[in-house]
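K.L.:
From the sequence below, what's the structure:
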Amino acid sequence: MQTIATPVLTTDIREALISNREQALEEIYGKAYPMVLHYVRQHHGTADDAKDLLQEAIVLFYEKVIQEQLTLTVSATTYIMGICKNRWRRELEKRSRQQELPPGVSEMVKEEASAEADQPELMLMQYVEQLGEKCKDILVAFYYMGHRMEQVAAQHHYRNVHTATVQKFKCLERLRKSMAAYTIHHFR
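P.N.:
As a prediction, the model looks like this:
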């Protein structure tokens, strides 16, 4: 089995997860846990918080890889760490609404969000992920896979190409609106 810590083809990871799921998941967990634990502890969390967070992220990662809904541009652990950071930030925001957090935590959450601007590829994928499965599938099929709109319409059971095109446009507009604060130089 190929090492998961270096960028590898998603198909290689998928094959490793299919052929020996337990070993592959243990390897991913073993490499990611120290990073997640460190991050969560730095941001007012516990070891149990880190374990829960990582387990959720690995389940999400596993499902996307097995269902062939993921194309990695970074290592598996980097991708999982990105999921954990986003989920932990949301958890801290949720907790801050429910109760007062220790001084400085809100500022750290905001700083983390701005620090993510240094990783534009992950940011873009996170925005695409937030669109939902249908929009993500349409945009990836058209822009990344290079499918023609006829193929996209057939894959998603639209009545005709025009309907699929309108849906693609709506998805693209949602993506543009969610990324309105960023300019093209953020992604170079």
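
K.L.:
any idea which helix or strand carries Pro86?
P.N.:
One correction, residue 86 is Asn, not Pro. Using DSSP states H and E, Asn86 falls within helix 76-98.

K.L.:
Same check on Gln55?
P.N.:
Gln55 is part of helix 47-66, with elements assigned from DSSP H and E.

K.L.:
which regions of the protein lie under the pLDDT threshold?
P.N.:
Across the chain, the ranges flagged by pLDDT under 70 are 1-11, 98-125, 180-188.

K.L.:
if you set the cut-off to 80 instead, what comes out?
P.N.:
Applying pLDDT under 80 to the chain flags residues 1-14, 17, 72-74, 95-131, 140, 143-146, 176-188.

K.L.:
Going along the chain, name the strands of it.
P.N.:
Assigned strands in the chain: none (criterion: DSSP state E).

K.L.:
quick one on the thing from earlier: give the other helices and strands that the helix holding Gln55 contacts.
P.N.:
With contacts taken as 3 or more C-beta pairs under 8 Å, 6 or more residues apart in numbering; DSSP states H and E, helix 47-66 sits against helix 10-19, helix 21-42, helix 76-98. In short, each C-beta sits where N, CA and C put it, glycine included.

K.L.:
Would you map out the domains in the chain?
P.N.:
With domains defined by automatic domain parsing, the chain comprises 1-118, 132-188.
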